[in-house]
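Student: Structure for this input, please:
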Amino acid sequence: MNHLTDLFGKPLLVYTQKQAIDDGILVKTGEIMPGHIPVVFTSNLFSKVKDNYKQLIDKGLELLKQPNKEDSDYMKLRVLKKNLIWVVANSEGVTFMKPEDY
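Tutor: Numbers count the residues shown, from 1 in each chain. This is a model prediction of the structure:
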């Protein structure tokens, strides 16, 4: 058990990152510390930035290194481009997305 299941109980349904990748909702673009932390983009965002996604990863990882008072034990969210691109780090890995993909 963890804090979330202690608070809310066992989930009725779990949709994993692997399932989202298999379904084409997410696009895996690499890993941080190979084999450990996946880096993914929503397919919605990746279709728009596929020519420069590596630059976004570099920028996003730098922003995630900076502390923010709104960070929690479970998640960090940074805005790469206001109203256009977010990066979220959580227990599943690092996800780049459009705000509407959240």
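
Student: Show me the shaky parts of this protein.
Tutor: 1-2 (pLDDT under 70).

Student: now do 90
Tutor: By pLDDT under 90, the weakly predicted segments of the chain are 1-11, 14, 33-36, 91, 102.

Student: Residue for residue, what is the longest helix it has?
Tutor: The helix spanning the most residues in the chain, taking DSSP state H as the definition, is helix 53-65.

Student: Check which residues of the helix or strand that that one is followed by are buried.
Tutor: Next in sequence after helix 53-65, counting helices and strands by DSSP states H and E, comes strand 75-81. Within strand 75-81, the residues that count as buried by 16 or more other C-beta atoms under 10 Å are 76-78. Where C-beta positions appear, they are placed from N, C-alpha and C, glycine not excepted.

Student: And for stretch 7-20?
Tutor: So, applying 16+ other C-beta under 10 Å, buried residues of stretch 7-20: 17, 20.

Student: hmm, who's touching it?
Tutor: Residues outside stretch 7-20 that contact it (C-beta atoms under 8 Å, 6 or more residues apart in numbering): 5, 26, 38, 40, 92-93.

Student: Let me know the closest of these to residue 61.
Tutor: Nearest to residue 61 among the contacts of stretch 7-20 is residue 93, at 11.7 Å by C-beta to C-beta.

Student: my guess is the closest one meets residue 41, correct?
Tutor: No - under the criterion of C-beta atoms under 8 Å, residue 93 is not in contact with residue 41, lying 11.2 Å apart.

Student: more crowded one of these two?
Tutor: Higher neighbour count among residue 93 and residue 41: residue 41, with 26 against 17, using other C-beta atoms under 10 Å.

Student: If the nearest residue in space to that one that is not next to it in sequence is in a bridge, with which residues?
Tutor: Once flanking residues are discounted, residue 41 sits nearest to residue 96: 4.6 Å by C-beta to C-beta, 6 or more residues apart in numbering. In this entry, residue 96 is beta-bridged to residue 41, residue 87, by DSSP bridges.

Student: so residue 96 touches residue 45, yeah?
Tutor: Yes - using C-beta under 8 Å, residue 96 is in contact with residue 45, at 5.9 Å.
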